[in-house]
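>>> my questions concern the predicted model and sequence given below.
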Amino acid sequence: TLMTAHLIVTDDDATRVITMRRPEKQNAITQDMYRAMSDAIDTAQNNPAIRCIVITGGSGVFTAGNDLDDFLKDGTSDGDKPRASNAAKFLYSLAHNTKPLVAAVDGIAIGIGTTMLFHSDQVLASTTATFSTPFIHLGLVPEGASSLLAPRTMGHQRAFAMLVMGRTLSADEARDAGFVNTVVAPGHAEAEARKVARDICALPAEAVAISRKLLKLPPEDLTRRIDQEGQLFGER
């Protein structure tokens, strides 16, 4: 088990479980958390013992998205460094990840809390989960390749309502939209996600990896879109 401030990474048999633990801030993600999540994903890539990754926010919350105070502090501390460098590194890690990724959402998923789900292979949500990408209200544009992945997942009109109009989706709406697999009782998302991960771990690893790769867009398509969005996001 690796514990850094606000992040716990545990290997449970063949599943690596990444838990965001900052309940007092609704798991708002700091630069350090991004870096640690990135490392947890990257170090799993060439480790055959790890067959699946679970990302969870624990009970009652997924994540409120970027910690804006941390971002602003980071942006002013070092003029040369792009402010979102660690967030971008995390998004790159998601884009290049070859291991099946299962997300457990028990509560709010805001901004990157929702966009990271489009990189997941299975999403378990509790009835209390809500999904929103309020970039538009800040005069910003979508990130995390969500402008590419969301329409592909749920169709243009639903993606427009979510990404361009800033509409919030309930767990049932997210399931109807196709990016949540199963809606479970509050407090049960993580246990169910671990179960799904165990099912995936029981399958032939190489066949899973090849099949998953066939289903996904090439990583370079994702990183190109991440860069394009990041450029526009930065300008705004």
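Arrived safely, thanks for sending.
>>> list the residues that contact R21.
Applying CB atoms under 8 Å, 6 or more residues apart in numbering to R21 gives the contacts 6-8, 27, 58. Quick note: C-beta positions are derived from backbone N, CA and C, even for glycine.
>>> for D42, which three-state class applies?
Recorded secondary structure, D42: helix (DSSP: H, G, I helix; E, B strand; the rest coil).
>>> please enumerate the strands of the chain.
2-4, 7-12, 15-20, 52-56, 101-105, 108-110, 122-126, 130-132, 169-170, 182-184 (DSSP state E).
>>> K99: how many residues sit nearby?
The tally of other residues near K99 (other CB atoms under 10 Å) stands at 22.
>>> check contacts around it.
So K99 contacts 16, 41, 44-45, 50-53, 209 (CB under 8 Å, 6+ apart).
>>> by mean pLDDT, flag the weakest helix or strand of this structure.
helix 68-77 (a mean of 67; mean pLDDT, DSSP states H and E).
>>> for this protein, what's the longest helix?
helix 219-235 (DSSP state H).
>>> how about that one: buried residues?
222-223, 225-226, 229-230, 233 (16 or more other CB atoms under 10 Å).
>>> take the residues you listed and write them to JSON lines, including distance to H96 and pLDDT.
Below are those laid out as JSON lines (distance: CB to CB, whole Å; pLDDT from 0 to 100):
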{"residue": "L222", "distance to H96": "8", "pLDDT": "97"}
{"residue": "T223", "distance to H96": "8", "pLDDT": "96"}
{"residue": "R225", "distance to H96": "14", "pLDDT": "96"}
{"residue": "I226", "distance to H96": "11", "pLDDT": "94"}
{"residue": "E229", "distance to H96": "17", "pLDDT": "94"}
{"residue": "G230", "distance to H96": "16", "pLDDT": "90"}
{"residue": "F233", "distance to H96": "20", "pLDDT": "87"}
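>>> which among those residues gets closest to F131?
Checking these against F131 with CB to CB, the nearest one is E229 at 18.4 Å.
>>> shaky segments in the chain?
1, 74-84 (pLDDT under 70).
>>> hmm, 80 instead?
1-4, 70-84 (pLDDT under 80).
>>> and the residue positioned nearest the centre of the chain, how close does it get to A205?
The centroid of the chain falls nearest to M116 when counting by CA atoms, centre = their mean (2.4 Å). Using CB to CB, to the nearest Å, M116 is found at 23 Å from A205.
>>> about what we covered before: now which of the contacts of K99 would you call buried?
Looks like the contacts of K99 have 16, 41, 44, 50-53 buried, using 16+ other CB under 10 Å.
>>> number of residues surrounding L94?
24.
>>> pull up the gap between it and K216, please.
Taking CB to CB, one finds L94 at 11 Å from K216.
>>> over to A207?
15 Å.
>>> ditto for G139
Distance of G139 to K216, computed by CB to CB: 31 Å.
>>> which of the two has more neighbours?
Applying other CB under 10 Å to G139 and K216 shows that K216 carries more neighbours, namely 16 against 7.
>>> okay then, goodbye and thanks.
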